[in-house]
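Trainee: For reference, the sequence and a predicted model appear below.
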Amino acid sequence: MSKPLAEMSTLSAHYDGFTALDAIDLTLPEQKIIAFCGPNGSGKSTALKVLRALHAPSGGEAEVAGQALDDWTPRALAREIAMLSQSPDAPEDMTVFDLAMLGRYSRRSRFSGPSAEDRRAVENALATTGMEALAGRSIGQLSGGQVQRAWIAMTLAQDAPRIFLDEPTNHLDIAHALEILDLLVMLNRREQRSFVIVLHDLNHALRYADHVVLFENGRIAAEGATREVLTEERISTVFDIDCRILPLPETDLPVIVPLSRQSI
């Protein structure tokens, strides 16, 4: 039986006295698309940062790929988990190719230039994200959807078996958002990469995620198979809204319909 992607045991995390995670227990399966969902400030992004060793927990324990988080060196952990944060930043005159090459930092010795293997990894990442024709273009010349694909190419170039994405569809129109999520499904199915994604759109989670962790006030409200977690009752309780989950005609896909309080 394969080891889980990650485990947290009675783990807590704080920011300047604010409790972001409150003694949570969580096990994440490998080779799945996992969505972290919940209201703003419920602990989703903090959980992602803790597992990527970007925020130190204040209590409890965490493991990644069967090894205690404290036992990973930064470079070794970067080879296991690639992460794209909410608002990454790069100089506008940097080219798409050079941005993607940044993803190779954990694979290279500190004083060496890009190897043939590095270039192949970057070229593959650009091809996978449909960005190879734009490799020489600067970031400042791209549309929002192209910029996001360029950042995802950088993340893929890292060649990590596990990828964390914090709101990858943020600021994207619906067509580009679906394009990004379709890409993640393809990579998961074709390459068995594990994805943990912070998502605000519950319908995106319902459609694309195999497993959902629902956060509420720094705790885990529920976690498990997507359709078992995202129920009308649980969504209504956690988000303090009324909703209905309805089947889409001629498909087996459900859709979450939030209800205006004036219409109830």
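Mentor: Yep, that arrived. Quick caveat: nothing in here was measured; it's all calculated off a predicted structure. Numbering: from 1, shown residues only.

Trainee: residues contacting the closest residue to residue 231 other than its chain neighbours?
Mentor: Distances taken as Cβ to Cβ, 6 or more residues apart in numbering put residue 245 closest to residue 231, at 7.2 Å, once the chain neighbours are dropped. Every C-beta, even on glycine, is put in place using the N, C-alpha and C of the backbone. Contact analysis of residue 245 by Cβ atoms under 8 Å, 6 or more residues apart in numbering lists 230-232, 254-257.

Trainee: The residues you listed, buried ones only, as a PyMOL selection?
Mentor: Buried residues within the contacts of residue 245, by 16 or more other Cβ atoms under 10 Å, are selected in PyMOL with:
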select buried, resi 230+254+256
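
Trainee: Show the backbone phi and psi for the residue nearest to residue 231.
Mentor: Note on residue 245: backbone dihedrals following degrees, to the nearest 10 are phi -110, psi 120.

Trainee: Tell me the confidence at it?
Mentor: Looking at residue 245, its pLDDT is 96.

Trainee: roughly how far apart are it and residue 115?
Mentor: To residue 115, residue 245 is 50 Å away according to Cβ to Cβ, to the nearest Å.

Trainee: Around the residue lying closest to residue 185 once chain neighbours are set aside, how many other residues sit close by?
Mentor: Once flanking residues are discounted, residue 185 sits nearest to residue 208: 6.1 Å by Cβ to Cβ, 6+ apart. For residue 208, the neighbour count with other Cβ atoms under 10 Å is 21.

Trainee: beta partners of residue 165?
Mentor: residue 84, residue 197 (DSSP bridges).

Trainee: thinking it is in contact with residue 198, fair?
Mentor: Yes - when contacts are counted by Cβ atoms under 8 Å, residue 165 is listed as touching residue 198 (7.1 Å).

Trainee: isn't there a strand covering residue 195?
Mentor: Yes - Residue 195 sits within a strand when classified using DSSP: H, G, I helix; E, B strand; the rest coil.

Trainee: Now do it: how many residues are near it, please.
Mentor: Neighbour number of residue 195 under other Cβ under 10 Å is 23.

Trainee: so what's the closest residue to it other than its chain neighbours up against?
Mentor: Excluding the flanking residues, the one nearest residue 195 by Cβ to Cβ, 6+ apart is residue 33, at 4.8 Å. With contact taken as Cβ under 8 Å, 6+ apart, residue 33 is in contact with 184-185, 188, 195, 197, 208-211.

Trainee: change it to 6 Å
Mentor: 188, 195, 209-210 (Cβ atoms under 6 Å, 6 or more residues apart in numbering).

Trainee: So it versus residue 201, what's the distance?
Mentor: 14 Å.
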